[in-house]
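Trainee: turn this into a model:
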Amino acid sequence: MPPRPRFDRRAPVRELPNINDRISYPKLRVVDSDGTQLGIITREEALEVSKERELDLVLVSEKADPPVCRIMDYGKFKFEQEKKAKEAKKKSHQTEVKEVKMRYKIDQHDYNVRIGQAVRFLKAGDKVKCTVIFRGREIQHTALAETLLRRMAKDLEEKAEVQQQPKREGRNMIMFLTPRKTPLIKADENKKERPRAIRTITAPPRASSSKVGAPPKT
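Mentor: Numbers count the residues shown, from 1 in each chain. Here you go, the predicted structure:
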């Protein structure tokens, strides 16, 4: 029997960036750090310019003729590229549908647990499928199940919008919630207390009981 292959414990070879001395092309088209075109110069001249700037010579287009290099701070450039990649990954979050199941006669503690689950799903940007499960003759209580789902939508209205109203589906009743995109503005917040009118017209002075020129009473 052939000998069994040994497990390769060597670390994987890391692909090093083409910068500075690792650039082997004799002629390069070089762009300065401020965007100025330095033209086609030799590799040695490009390295000399980058050293004078205390920056790096980075190969940005290997397929061009001649290859294009740019003088830059490679550490800062790499940091910005990684930051952009992380932001793009966050924005590319695929919306999933997460389900919260319960019975129509759920107690308060379990109901609060389902609310907490829904809040976590909504914060993660996912839709929530709220499902009330019926067993046996419980299917007769669809009105109670609908009331429960509407109560849940009310309790989550600051974080969610109703995408699909409560609807019976087989032996279940379901409702879909989606993360709220715009903040909720409640009706009582729109009502501003009107300032009361201040009376600025003064009342006329009351007439004196004694007439002008009348002799004083004795």
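Trainee: and the closest residue to Ile23 other than its chain neighbours, bridged to which residues?
Mentor: Spatial nearest neighbour of Ile23, excluding adjacent residues (CB to CB, 6 or more residues apart in numbering): Leu59 at 5.3 Å. (Each C-beta comes from the backbone N, C-alpha and C, glycine too.) Counting by DSSP bridges, Leu59 forms beta bridges with Cys69.
Trainee: what about Leu59, how many neighbours?
Mentor: By other CB atoms under 10 Å, 19 other residues sit near Leu59.
Trainee: where's it relative to Phe134, distance?
Mentor: 66 Å (CB to CB, to the nearest Å).
Trainee: go on, Ile41?
Mentor: 79 Å.
Trainee: what's the answer for Val68, then?
Mentor: Val68 is 67 Å from Phe134, by CB to CB.
Trainee: looking at Pro166 now. What's its pLDDT?
Mentor: We have a pLDDT of 94 for Pro166.
Trainee: where does it fall, phi/psi-wise?
Mentor: phi -50, psi 130 (degrees, to the nearest 10).
Trainee: what strand or helix carries Arg120?
Mentor: Here Arg120, judged by DSSP states H and E, is contained in helix 108-123.
Trainee: what's the spacing between that helix and its chain's center?
Mentor: 20 Å (CA atoms, centre = their mean, to the nearest Å).
Trainee: check contacts around Tyr25.
Mentor: Arg43, Leu59, Pro66, Pro67 (CB atoms under 8 Å, 6 or more residues apart in numbering).
Trainee: relative to Val68, how far out is it?
Mentor: For Tyr25, the distance to Val68 - CB to CB - is 10 Å.
Trainee: between these two, what contacts are shared?
Mentor: Leu59.
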